[in-house]
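**Student:** could you look at this predicted model? Sequence included:
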Amino acid sequence: MALKNVIGIDHAVVMVKDLDKAAETYRRLGFTVSPRGTHSAHMGTGNYTIMFDPDYMELLGVLAATEHNAPARAFLDKRGEGIERIAFTAVDSAEGAEEIRARGLTPIGPTDFERPVTLPDGTVSAAKFRTFMWPTAEAPGGVRIFACQHKTRETVWIPELMKHANAAKRIKQILIATPEPAKEAAHLGQLIDREPKAESDGAVTVPSGRDRADFVYLTLEQLGKRYPGVPLAGLSERGGAALVLVSRDLAATEKALGSSAVRSGPAICVPPAKANGTLLAFVTA
């Protein structure tokens, strides 16, 4: 039976070492980046968001070591920068946590937190969330998963932040490298009640739900064959990840990316070395 309180991918979390420097990198790539946010003290993190519709990217950095951010710090120490976890949209995080508890897993949370938000008119409001995580060990392909309930969508999806010079519109796929694609896809499918589907090149896709982005598990070699000519230096064999982004206008994308752009078949890519450990691939819908 499908989870009732967890729907498709909400956002991808890119863990970075220097938060402000990462934000500047993404601005240079043509993204509109939100003002910096600082999370509640027990979280010990700060962020910048890059808003799409219906999803987004989050650049996340550790500001102070806490128990809550210990796994994120371990990720940076072991693997460096890159996609560390993926969020699903939660309808109700408390009920969603109970759903996975009923399946024999012990959720982390629900956890409530917030961050101040400066709105375009200069007023200050707050973005408020309630999240829960699957157990840390339940990380298909080495990427953790959690669910995020947005209590104040209007302070997150701000229209002025959703227009990007590089024409990015939404996330189409999240590609996760692993030596065992079928095994990792089956693991995720079991955790979120979705059926994996084998692709012709040996990759395995898992739909995340609704009209949201898909997960795709594939080997690093298969990833390279999908994007020939794009240097993959820095991506881990297990857990190295890419975001496939839908562009409204690939000519605008290429212009905004400038010297960082690498054409690869129908896609325009940014190598992970130029995007904080994350391969970016822009495609048409």
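**Tutor:** Received it, and whenever you're ready, just let me know what you need.
**Student:** for the stretch 101-250 of the chain, which segments count as strands?
**Tutor:** Taking DSSP state E, counting those that start in this stretch, the strands of the stretch 101-250 of the chain run over residues 108-118, 124-133, 144-150, 168-177, 197-198, 204-207, 214-218, 241-247.
**Student:** next, count neighbours for residue 96.
**Tutor:** Using other Cβ atoms under 10 Å, residue 96 is surrounded by 28 other residues. C-beta here means a position set from N, CA and C on the backbone, and glycine is covered the same way.
**Student:** nearest residue to it in space, please, no chain neighbours.
**Tutor:** Once flanking residues are discounted, residue 96 sits nearest to residue 5: 3.6 Å by Cβ to Cβ, 6 or more residues apart in numbering.
**Student:** what domains does the record give for the chain?
**Tutor:** Domain assignment for the chain by the TED database gives 6-161, 162-283.
**Student:** residues contacting the residue nearest to residue 96?
**Tutor:** 90-93, 95-96, 99, 147 (Cβ atoms under 8 Å, 6 or more residues apart in numbering).
**Student:** what angle do the longest helix anywhere in the chain and strand 168-177 make?
**Tutor:** In the chain, assigned by DSSP state H, the helix with the most residues is helix 181-192. When axes from the mean of the first three to the mean of the last three Cα atoms, to 10 degrees is applied, the directions of helix 181-192 and strand 168-177 differ by 120 degrees.
**Student:** hey, what's the angle from helix 181-192 to strand 214-218? Just curious.
**Tutor:** 150 degrees.
**Student:** begin at 32, not 1, for the rest of this chat.
**Tutor:** Sure, I'll start counting at 32 from here, so that last one is helix 212-223.
**Student:** buried residues of helix 212-223, list them for me.
**Tutor:** 212, 215-220, 222-223 (16 or more other Cβ atoms under 10 Å).
**Student:** what of stretch 268-281?
**Tutor:** By 16+ other Cβ under 10 Å, the buried positions in stretch 268-281 come out as 269-279, 281.
**Student:** cool, and stretch 224-233?
**Tutor:** 225, 227.
**Student:** what sits up against that stretch?
**Tutor:** Stretch 224-233 is touched from outside by 32-34, 212-213, 216-217, 219-220, 235-240, 247, 249-250, 253, 256-257, with contacts defined as Cβ under 8 Å, 6+ apart.
**Student:** what's the mean pLDDT across that stretch?
**Tutor:** Averaged across stretch 224-233, the pLDDT comes to 96.
**Student:** and if you look at stretch 54-69?
**Tutor:** Here the average pLDDT along stretch 54-69 is 96.
**Student:** and the end-to-end length of it?
**Tutor:** One end of stretch 54-69 to the other measures 14 Å (Cα to Cα, to the nearest Å).
**Student:** hang on, the earlier thing: go through the strands of the stretch 132-281 of the chain and name the closest to residue 81.
**Tutor:** strand 199-208 (7.7 Å; Cβ to Cβ).
**Student:** which elements pack onto the closest one?
**Tutor:** When contacts are defined as 3 or more Cβ pairs under 8 Å, 6 or more residues apart in numbering; DSSP states H and E, strand 199-208 packs onto strand 37-46, strand 113-121, strand 245-249, helix 251-257, strand 272-278, strand 310-314.
**Student:** and the angle for that strand with strand 113-121?
**Tutor:** 120 degrees.
**Student:** about what we covered before: nearest to residue 111, of the buried residues of helix 212-223?
**Tutor:** Closest approach to residue 111 among the buried residues of helix 212-223 (Cβ to Cβ): residue 215, at 20.4 Å.
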